[in-house]
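**Q** Next comes the sequence, and after it the predicted model I'd like to discuss.
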Amino acid sequence: MTGNKNTQKIVIVGGVAGGATAAARIRRLDEHADIVVFERSGFISYANCGLPYYIGGVIKNKEELTLQTPKSFYERFRIKMNVLHEVKAIDPSSKTVTVCDLTTGKQWEEPYDKLLLSPGARPVVPQIPGSDLGQVYSLRTVEDTYRIRQAVTDEKPASALISGGGFIGLELAENLLEAGIKVTLIQRPDQVMKPLDREMASFIHNRIREAGIDLILGDSVVSLAENKEGIGKLRAELNSGRSIDTDMAIMAIGVAPETTLAKEAGLETGIKGSILVDDHMRTSNEDIYAVGDAVQVKQFTTGSDALISLAGPANRQGRIAADNICGLDSSYPGSQGSSVIKLFDMTIASTGINEKTAVAEGLEYEKIYLSPLSHAGYYPGGKVMTVKLIFDPVSDKILGAQIVGHEGVDKRIDVIATAMYAGIPASKLKELDLAYAPPYSSAKDPVNMAGFMVENIEKGLMKQFFYEDLESLSKDEGVTLLDTRTPEEYKKGHVDGFINIQVDELRESIGELDPSKPVYVMCQSGLRSYIACRILAQNGFDCSNFSGGYRLYASVAFDRSASEEAFPCGMEK
């Protein structure tokens, strides 16, 4: 339609990321289109990801959450943005939508030439006794945020229970704790942050507990009731039989696609009732498009069907739908699911698939762990990050990455995400020419180091073993377990069964090892043990390196102990 003076009527259901982006893009492409947006809430474009920070007082002014208003949007784009207007039904045969003005109750039929659905997702609120009590909240919209902030400000709760350890749950936990509220965080799976694998999540678990949050894993709330006996306004009963008294409860267990309209209009649906779209964001009806959290997409790495509720993909989908509505040919290749979150002084990021997904989909994969500093070691202030890279050892394709650390995490995940999109092989990460200065990086950036490690594995220069192998190895008398850290490090904590010969003395002490036994070597991060393996391999030993080092082992082991499992051997709390 670009350049065509024939007026096209475009109705958009839902604002925020996808709908508002599409509306602005359509106007830039078609000055003459008649564009009207209906948004059920009172806000057409707001910073969804910033909501927890307003509750905690980090964002002081609530107006800062509102990116655009109906007035500013109309002044800039001449687009009618109707807030507090709910679309009740779609009639594809007559190409109309039924709209209700929530303020007056008035209803009417609005015609369209093209319809764009951006309904988003709704919070999953468990249907349990007490979920409708006044002190029970969910967080999805600006209105939800105002209610929780008002409760925190006016009622001054001493305690809060958060059910759910995803992005919203973790950000809420941090912000409420920093507001002086005692926080209990409950997560039904045995880890927070679904995009991560369990061992990477252990770093987060330990930091959450260190901050003073009561973290309960593998449990869930089964009922809530007004508290007449204990301390707090509510009593939560957990599946385990445990009871928790709290002043407020926030349900943040996840979201589900909001697709009632699409289903009732007969549009084809997919995972969890999500709206099926093609790569042009067109639904099963050629005149109806859909974007955002409500649609099923392809996981870019594997091509599998997926639901990925993130602002970045929703914005890109809105632009692509707008292009196609206006006659341009744009397609959506799928989502890598790249994400990042701040938690206290930590930064946690991921892209692509995790190991759990690789196993579930039957993919052939290899993994590496490394623990580099965020910048040059000789420049003060460097902090260790833990990187996990998953790749296909046959095709050399990068499948995914996870990084937990402090500064510099976001930079490295974005480099890897870009390499994945560009199809750069895992071993070629070593060749990336990345910016270096001591305050920002090392001459061999962590991303380069990951490439070196992949190359070593693919060329047979390094064999690995992992945390999950330790239990069986500790019972195997036919192997040698070797810790190559210093005696001081070894005394502070080690895994039972590992003898200690520091790497710098290994050549002189190699006669103490039995060359007929495979040697499994550990150090703090995996670097010194790799050097030891190269020494041993060239002296006729069959050697494997513990990926991730004692640092990774300790994080998982301490976390398991805090979860009331048996404390592993040789560890000092």
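**A** That came through, no problem.
**Q** Wait, residue 15 touches residue 42, no?
**A** No. Counting by Cβ atoms under 8 Å, residue 15 sits too far from residue 42 to count as a contact (10.5 Å). Where you see a C-beta, it was placed from the backbone N, CA and C, and this is true even at glycine.
**Q** okay, and the common contacts of the two?
**A** residue 83 (Cβ atoms under 8 Å, 6 or more residues apart in numbering).
**Q** neighbour count winner among those two?
**A** residue 15 (29 against 16; other Cβ atoms under 10 Å).
**Q** dump the residue contacts of that one.
**A** 23, 37, 39, 43, 44, 45, 81, 83, 118.
**Q** count of residues packed around the third one?
**A** Meaning residue 39. 24.
**Q** show me the contacts for it.
**A** Neighbours of residue 39 in contact, by Cβ under 8 Å, 6+ apart: 14, 15, 16, 19, 81, 82, 83, 84, 85.
**Q** For it, name its beta-bridge partners.
**A** Beta bridges link residue 39 to residue 83, judged by DSSP bridges.
**Q** Low-confidence ranges, the stretch 301-450 of the chain, go.
**A** Within the stretch 301-450 of the chain, not a single segment meets pLDDT under 70.
**Q** show me where it has helices.
**A** If you assign secondary structure with DSSP state H, counting those that start in this stretch, the helices in the stretch 301-450 of the chain sit at 311-325, 355-360, 409-422, 446-458.
**Q** residues in contact with the third one?
**A** So that's helix 409-422. With Cβ under 8 Å, 6+ apart as the criterion, helix 409-422 contacts 300-301, 336, 338, 340, 347-352, 374, 385, 387, 389, 398, 400-401, 403, 428-429, 432, 434, 445-447, 450.
**Q** Return the subset of these lying in strands.
**A** 340, 347-352, 387, 389, 398, 400-401, 403 (DSSP state E).
**Q** quick revisit: would JSON lines of the helices of the stretch 301-450 of the chain with mean neighbour count be doable?
**A** Formatted as JSON lines, those follow (neighbours: other Cβ atoms under 10 Å):
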{"stretch": "helix 311-325", "mean neighbour count": "23"}
{"stretch": "helix 355-360", "mean neighbour count": "17"}
{"stretch": "helix 409-422", "mean neighbour count": "20"}
{"stretch": "helix 446-458", "mean neighbour count": "22"}
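**Q** Could you export those as JSON lines, including distance to residue 54?
**A** Shown next, in JSON lines, are these (distance: least, Cβ to Cβ, whole Å):
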{"stretch": "helix 311-325", "distance to residue 54": "16"}
{"stretch": "helix 355-360", "distance to residue 54": "33"}
{"stretch": "helix 409-422", "distance to residue 54": "22"}
{"stretch": "helix 446-458", "distance to residue 54": "34"}
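**Q** Quick one, which of the contacts of residue 39 are buried?
**A** 14, 15, 16, 19, 81, 82, 83, 85 (16 or more other Cβ atoms under 10 Å).
**Q** correct me, but the first one touches residue 121?
**A** In other words, residue 14. No. With contact defined as Cβ under 8 Å, residue 14 and residue 121 do not form a contacting pair (10.7 Å).
**Q** so what sits against both of the two?
**A** By Cβ under 8 Å, 6+ apart, the residues touching both residue 14 and residue 121 are residue 292.
**Q** Specify the local secondary structure of residue 173.
**A** helix (DSSP: H, G, I helix; E, B strand; the rest coil).
**Q** neighbours around it, how many?
**A** Neighbour number of residue 173 under other Cβ under 10 Å is 30.
**Q** got a list of what it touches?
**A** 162, 183, 185, 208, 213.
**Q** Would you mind measuring from residue 202 to residue 194?
**A** Distance from residue 202 to residue 194, counting by Cβ to Cβ, to the nearest Å: 15 Å.
**Q** More neighbours: those two, which one.
**A** Relative neighbour count places residue 202 above the other of residue 202 and residue 194, with 26 against 15, counting by other Cβ under 10 Å.
**Q** Find the helix or strand that the residue nearest to that one when sequence neighbours are not counted is a member of.
**A** Using Cβ to Cβ, 6 or more residues apart in numbering and skipping the chain neighbours, the partner closest in space to residue 202 is residue 559 (3.9 Å). Residue 559 belongs to helix 549-562 when assigned by DSSP states H and E.
**Q** Mind giving me the packing neighbours of that helix?
**A** For helix 549-562, the packing partners by 3 or more Cβ pairs under 8 Å, 6 or more residues apart in numbering; DSSP states H and E come out as helix 198-211, strand 386-391, strand 519-522.
**Q** who touches the first one?
**A** The set of residues that contact helix 198-211 without belonging to it, under Cβ under 8 Å, 6+ apart, is 170, 173-174, 177, 185, 190-193, 196, 215, 217, 343-344, 346, 348, 386, 388, 402, 404, 467, 548, 552, 555-556, 558-560, 562-563.
**Q** Please, a ChimeraX command that selects the buried ones among these?
**A** Filtering those down to the buried ones (16+ other Cβ under 10 Å) takes a single ChimeraX command:
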select :170,173,174,177,185,191,192,193,196,215,217,343,344,346,348,386,388,402,404,467,548,552,555,556,558,559,560,562
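**Q** residues contacting the residue nearest to residue 408 when sequence neighbours are not counted?
**A** Excluding the flanking residues, the one nearest residue 408 by Cβ to Cβ, 6+ apart is residue 374, at 3.7 Å. Taking Cβ under 8 Å, 6+ apart, we find residue 374 in contact with 382, 383, 384, 385, 405, 406, 407, 408, 409, 441.
**Q** what's the closest of those to residue 509?
**A** residue 384 (28.4 Å; Cβ to Cβ).
**Q** looking at it, the closest one is touching residue 375, isn't it?
**A** No. Applying Cβ under 8 Å, one finds residue 384 not in contact with residue 375, separated by 11.2 Å.
**Q** Pick out whichever of these two has more residues nearby.
**A** Taking other Cβ under 10 Å, residue 384 and residue 375 do not tie; residue 375 has more neighbours (22 against 14).
**Q** That one and residue 405 touch, don't they?
**A** No. Using Cβ under 8 Å, residue 375 makes no contact with residue 405, being 11.5 Å away.
**Q** In this structure residue 549 contacts residue 522, no?
**A** Yes. Contact between residue 549 and residue 522 holds when scored by Cβ under 8 Å: they sit 6.6 Å apart.
**Q** Next, show the common contact partners of the two.
**A** With Cβ under 8 Å, 6+ apart as the test, residue 549 and residue 522 both reach residue 529.
**Q** When the two are compared, which one has more neighbours?
**A** residue 522 (27 against 23).
**Q** tell me the contacts of the closest residue to that one other than its chain neighbours?
**A** Leaving aside its sequence neighbours, residue 522 sits nearest to residue 546 (Cβ to Cβ, 6+ apart; 4.0 Å). By Cβ under 8 Å, 6+ apart, the contact set of residue 546 is 464, 465, 466, 520, 521, 522, 523, 526, 529, 553.
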